[in-house]
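[1] Predicted model follows, preceded by the sequence.
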Amino acid sequence: MNKFGFLKSHIIKPIKIVLVGYMASGKSSLGTELAETLNIDFVDLDQTIEASEKMSISELFATKGEIYFRKKEGIVLDEVFQRESFVLSTGGGTPCYGKNMEKILLNSTHSFYLRLSIQNLVERIKREKADRPLVRDIPDEELEEFIRKHLFERSFFYTQAKKTIDCNNKSVAAIVADIQKMLV
């Protein structure tokens, strides 16, 4: 209590949570739920880029190329960090290009790598192949090898996140609860 008999209010600090991980690791689903639980904004980096460019990521890659997309991704990432509080779901490749992982570590209050086993990733990606241009044309029997190699290349960046969350065999609610415990 202060000298006037009122309870002291707690100062609420900005919270900037960034979720990184391979495609289909649950960044958007978890991010949406976590943001709602924390009552802060949810930002999906790919959706923000699509809205800015008025075209899908697939169309961006096809018409303007990956180099353009990666530059745009870095610019939009910088813009997101100007916000006060948010949960950000990055694209699977976001941390792996330019200085994006460095930006994430410098500007976020919390960064989490959402880790899944190769087998769980393969199962999820098979169900979503049509929506994932990177793997759309890879035959199912070659998908595991592709994911294994690709994840190996990207793991260096993902594991730089401040914390790693094992997402295998856990519900969204359980993972959100795990993350909330780590925010304290």
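    Yep, that arrived. What you are looking at is a predicted structure, and each value in this text was computed from that prediction instead of being measured.
[2] going forward, measure contacts between C-alpha atoms and count neighbours the same way
    Noted.
[3] Tell me how far residue 99 lies from residue 157.
    11 Å (Cα to Cα, to the nearest Å).
[4] shouldn't residue 81 be in contact with residue 106?
    No - using Cα atoms under 8 Å, residue 81 is not in contact with residue 106, being 10.0 Å away.
[5] out of those two, which sits in the more crowded spot?
    residue 81 (16 against 10; other Cα atoms under 10 Å).
[6] got the contact list for the more buried one?
    Contact criterion Cα atoms under 8 Å, 6 or more residues apart in numbering gives 16, 107-108 as the residues in contact with residue 81.
[7] can you do 7 Å?
    residue 107 (Cα atoms under 7 Å, 6 or more residues apart in numbering).
[8] ok, it to residue 178 distance?
    24 Å.
[9] so what's the closest residue to residue 44 other than its chain neighbours bridging to?
    Sequence neighbours aside, residue 89 is the residue nearest to residue 44 in space, at 4.8 Å (criterion: Cα to Cα, 6 or more residues apart in numbering). The partner list for residue 89 in beta bridges (DSSP bridges) reads residue 19, residue 44.
[10] Residue 89 and residue 28 touch, don't they?
    Yes - if you go by Cα atoms under 7 Å, residue 89 and residue 28 touch, sitting 5.6 Å apart.
[11] The two: who's more crowded?
    Applying other Cα under 10 Å to residue 89 and residue 28 shows that residue 89 carries more neighbours, namely 25 against 21.
[12] Got the confidence number for that one?
    Predicted confidence (pLDDT) for residue 89: 98.
[13] give me the number of residues near the spatially closest residue to residue 57 that is not a sequence neighbour?
    Nearest non-adjacent residue to residue 57, counting by Cα to Cα, 6+ apart: residue 50, 6.2 Å away. Neighbours of residue 50 under the rule other Cα under 10 Å: 16.
[14] Next, residue 50: phi, psi?
    Dihedral angles of residue 50 (phi, psi; degrees, to the nearest 10) stand at phi -60, psi -40.
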